[in-house]
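**Q** Sequence plus the predicted model coming up.
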Amino acid sequence: MMMKKVFICSPYRGDVERNVALAKAYARFAARCGYCPVVPHLMYPQFLKDSDPDERILGITLGVELMKICDEVWIFGSTISNGMAFELEHASKLGIPVSSKRKFKRYKVRPLRTERRF
């Protein structure tokens, strides 16, 4: 059975260091819940400059392309940034279910039970 893929929608700009740390926590949470997290803002800033408007738009556009393979979109954070609003607009157009995880706390989740141990 294929794992469901979930697009993690959370802020990046502003306090980038904090927002990246939070995005990692959100991805870990999704993975521990049994989902395959898709977190473009942890990947594309590795080679695209968020400070360059054209590259920022390219990164967000590439993220929306990845969203097309996702089963769900999860929103994290207390603020909807411009980039998040763009992503949520596309999720709506694509008919991808969106759920808010705004009250996320770094709480414990049960360990995944896997068929094999590596």
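**A** Received it, and whenever you're ready, just let me know what you need. Numbers count the residues shown, from 1 in each chain.

**Q** Three-state assignment for Ala91, please.
**A** At Ala91 the chain is in helix, as set by DSSP: H, G, I helix; E, B strand; the rest coil.

**Q** Now do the contacts for Pro58.
**A** Small correction: residue 58 is Leu, not Pro. The neighbours of Leu58, taking CB atoms under 8 Å, 6 or more residues apart in numbering as the test, are Tyr44, Leu48. Using the backbone N, CA and C atoms, a C-beta is placed for each residue, glycine as well.

**Q** Try it again at 10 Å.
**A** The contact partners of Leu58, by CB atoms under 10 Å, 6 or more residues apart in numbering, come to Tyr44, Leu48, Lys49, Asp52.

**Q** In a helix, the first one, correct?
**A** In this case it means Tyr44. Yes. Under three-state DSSP, Tyr44 sits within a helix.

**Q** give the contact list for it.
**A** Counted by CB under 10 Å, 6+ apart, Tyr44 has contacts Tyr12, Asp50, Glu55, Arg56, Leu58, Gly59, Ile60, Thr61, Leu62, Gly63, Leu66.

**Q** what about it, distance to Pro97?
**A** To Pro97, Tyr44 is 24 Å away according to CB to CB, to the nearest Å.

**Q** Over to Glu87?
**A** Taking CB to CB, one finds Glu87 at 14 Å from Pro97.
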